[in-house]
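*Asks:* The following block contains a protein sequence and its predicted model.
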Amino acid sequence: MKLFKQFTIIIFLSFLGEVLHTLIPFPIPASIYGIMLLFFLLERNVLRIDDVREVSDFLIFIMPLLFIPSAVGLIDVLDELRASLTAYVIIIISVTLIVMVVTGRITQWFLRNQNEKET
């Protein structure tokens, strides 16, 4: 019953994300709204980590399985992608490096500020 409750919480927040996506005219995916709601509720201690821990661990565990339909879809359109494959690879590598650098810099900034506050 505990897992059912946890899964219901996550599904409900996903549903609210869909509602927000419909109501708010920004080009933000509904799943992002749902994740932001989950973060807000966890941050404000409305929800505790233990309220969703087991189901979230399970969903993370099966995440690679969830990418299979996308991979199959790419294989279906591989002939169309081949014409621009070099551009896609360059873009993917560039964006990945940019995200890694920006994430590292932001993390370093947060760690430096946290260390300054502690001293």
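*Replies:* Yep, that arrived. The shown structure was predicted, so the numbers you read here are calculated from the model rather than taken from an experiment.
*Asks:* chain center to the lengthiest helix in the chain, what's the gap?
*Replies:* In the chain, with assignment by DSSP state H, the single longest helix is helix 85-118. Relative to the centre of its chain, helix 85-118 is centred 16 Å away, using C-alpha atoms, centre = their mean, to the nearest Å.
*Asks:* what is the mean pLDDT for that helix?
*Replies:* For helix 85-118, mean pLDDT rounds to 92.
*Asks:* Over to stretch 9-27?
*Replies:* For stretch 9-27, mean pLDDT rounds to 95.
*Asks:* measure stretch 74-90 end to end?
*Replies:* Stretch 74-90 has an end-to-end distance of 17 Å (C-alpha to C-alpha, to the nearest Å).
*Asks:* hmm, who's touching it?
*Replies:* Identification of contacts with stretch 74-90 by C-beta atoms under 8 Å, 6 or more residues apart in numbering yields no residue at all. Quick note: C-beta positions are derived from backbone N, CA and C, even for glycine.
*Asks:* And for stretch 47-59?
*Replies:* Counting by C-beta under 8 Å, 6+ apart, stretch 47-59 makes contact with Lys2, Leu3, Lys5, Gln6, Phe7, Ile9, Ile10, Leu38, Leu41, Leu42, all of which sit outside it.
*Asks:* Of the residues you listed, which belong to helices?
*Replies:* Within the contacts of stretch 47-59, residues falling in helices by DSSP H are Lys2, Leu3, Lys5, Gln6, Phe7, Ile9, Ile10, Leu38, Leu41, Leu42.
*Asks:* Going by neighbour count, which of these are buried?
*Replies:* Buried residues within the ones in helices among the contacts of stretch 47-59, counting neighbours by 16 or more other C-beta atoms under 10 Å: Gln6, Phe7, Ile9, Ile10, Leu38, Leu41.
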